[in-house]
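Q: Next comes the sequence, and after it the predicted model I'd like to discuss.
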Amino acid sequence: MNKNKILYNSQNVYDLIKDNTEIIETDNNVIFTPSAMDIIKSKGIKIVYKKDIADNCGCSCVKDDSTEIVKQTIKILVNKLNITDEKIIKKVITEVLNRVNL
């Protein structure tokens, strides 16, 4: 784990926010101050910690050829359906990959 943390506050959080940003994907090395979180929430943006969801999914089936399918499935579940429960995400990803024979 990288010990160098990145801190976003109310002044530099706009570096992450682009036009029509709906989601900010980040990892555990990023820290948001409460004021930065207020700005993010006020714009209706969700934060997804990639390592938390993708790595903790527990899917042993994640391979190079299926990585994009997993990423897009997680994105749909989190952004469109507001599903963040890791157990549900794991079940859905497993089912999707089984159905596309990966």
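A: Thanks, I have the structure now. Residues are numbered from 1 along each chain as shown.
Q: Now the element after the least confident helix or strand in the chain by mean pLDDT, going C-ward?
A: When each helix and strand of the chain is scored by mean pLDDT, DSSP states H and E, helix 56 comes last, with a mean of 50. On the C-terminal side of helix 56, the nearest following helix or strand under DSSP states H and E is helix 67-75.
Q: Verify the stated contact: residue 35 with residue 8.
A: No. Contact between residue 35 and residue 8 fails when scored by Cβ atoms under 8 Å: they sit 9.6 Å apart. Quick note: C-beta positions are derived from backbone N, CA and C, even for glycine.
Q: quick one: which of these two has more around it?
A: Neighbour count, other Cβ atoms under 10 Å: between residue 35 and residue 8, residue 8 has more, with 22 against 13.
Q: how about the nearest residue to the more buried one, chain neighbours excluded?
A: Among residues not flanking residue 8 along the chain, residue 36 sits closest, at 4.7 Å (Cβ to Cβ, 6 or more residues apart in numbering).
Q: so the residue nearest to the spatial centre of the chain, which of the three states?
A: With distances taken as Cα atoms, centre = their mean, the residue of the chain nearest its centroid is residue 48 (2.9 Å). Under the three-state scheme (DSSP: H, G, I helix; E, B strand; the rest coil), residue 48 adopts strand.
Q: backbone phi and psi for residue 24, please?
A: phi -110, psi 120 (degrees, to the nearest 10).
Q: With residue 87 as the reference, measure out to it.
A: Applying Cβ to Cβ, to the nearest Å, one obtains 24 Å for the distance of residue 24 from residue 87.
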